[in-house]
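Next input, structure requested:
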Amino acid sequence: MSTSLGLYRPGTSPVHRTPAGVKLAVVVAAGIGSVFVRTPAVAGVLLAVVLVAYTVARTPPGLLWHSVRPLCWVLVPLMVFQVLTAGWARASVIVGVIVTLVLLANLVTLTTRTTELVDVVVRLAAPLRFLGVDPERVGLVLNLGIRGVPLVLELATEVREAQHARGQAASARAFAVPLIVGALRRSDEIGEALAARGFDD
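Alright, predicted model coming up:
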């Protein structure tokens, strides 16, 4: 799980050398542009472009599966529902766009140091100081959010393994309750650590 989401992998590829600001701009543009995707062909082209970017970044193929696997619990039911209500074409567009955006965002975190991403956001938030917004605090929240994703996924894996050990693999409650409790406990630990460093105001 350590390579699934949000962890930088050093490299010298063109994707790695692209400035963090440009990468974030591409992600934002892709998110906005995805609203206008109407056909499976266009969705397929966008997905193919992202896959080519993974190849250029020399990212191990296994990371593609690790990036999408946590979403399967949502994507499969969503695909079935959309096929039944809107047809296979619309279902392909919706699922294809979601997968493309997830893979694109993951590629950014795999090829960009977290500090670089945070620095970009802090610079962009600087003009908001006159509204009372603290750019450094915004950067801290973003940093915690990025680092929190792998922690939650790691916790989900531990809970799932415990389920199998207890013979409760089919129980949604046995999975959700420990996951939520564990996530809240880790949030409290992070909050206490931040408070000890003077970030509680």
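
When you work out contacts or count neighbours from here on, use the C-alpha atoms and nothing else.
OK.

So for V80, what's the pLDDT?
The pLDDT attached to V80 in the predicted structure is 88.

The one 3 residues further on too?
Each residue has a pLDDT score; the one for V83 is 89.

The residue lying farthest from the centre of the chain in helix, strand or coil?
Of all residues in the chain, the one whose C-alpha sits farthest from the chain's mean C-alpha position, using Cα atoms, centre = their mean, is F130 at 30.8 Å. For F130, the secondary structure call by DSSP: H, G, I helix; E, B strand; the rest coil comes out as helix.

and it, what pLDDT?
76.

cool, and R9?
pLDDT, R9: 86.

Where does pLDDT dip in the chain?
By pLDDT under 70, the weakly predicted segments of the chain are 1-6, 133, 138-154, 168-175, 183-184, 186-201.

quick one on the thing from earlier: and the residue farthest from the centre of the chain, how far is that from V122?
F130 sits at a distance of 14 Å from V122 (criterion: Cα to Cα, to the nearest Å).

Which residue ranges make up each domain of this protein?
Domains of the chain are assigned by automatic domain parsing as 1-112, 129-201.

for the ones you listed, which one sits closest to V118?
Nearest of those to V118, taken as Cα to Cα: domain 129-201 at 5.2 Å.

rewinding a little: most neighbours per residue, which of the domains of the chain?
domain 1-112 (a mean of 17; mean count of other Cα atoms under 10 Å).

how far out from the middle of the chain is it?
Mean-position distance between domain 1-112 and its chain equals 10 Å (Cα atoms, centre = their mean, to the nearest Å).

cool, stretch 162-169 as well?
Its chain's C-alpha centre and that of stretch 162-169 lie 27 Å apart, by Cα atoms, centre = their mean.

Output it as CSV, nothing but the C-alphas.
Output of stretch 162-169 as CSV, limited to C-alpha atoms (Å, rounded to 0.1, in the frame of the first residue of the first chain):
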residue,chain,number,x,y,z
ALA,A,162,-8.6,-8.3,10.2
GLN,A,163,-12.1,-9.0,8.7
HIS,A,164,-10.8,-12.0,6.8
ALA,A,165,-9.0,-13.3,9.9
ARG,A,166,-12.3,-13.2,11.8
GLY,A,167,-14.4,-14.7,9.0
GLN,A,168,-16.4,-11.4,8.5
ALA,A,169,-15.3,-10.5,5.0
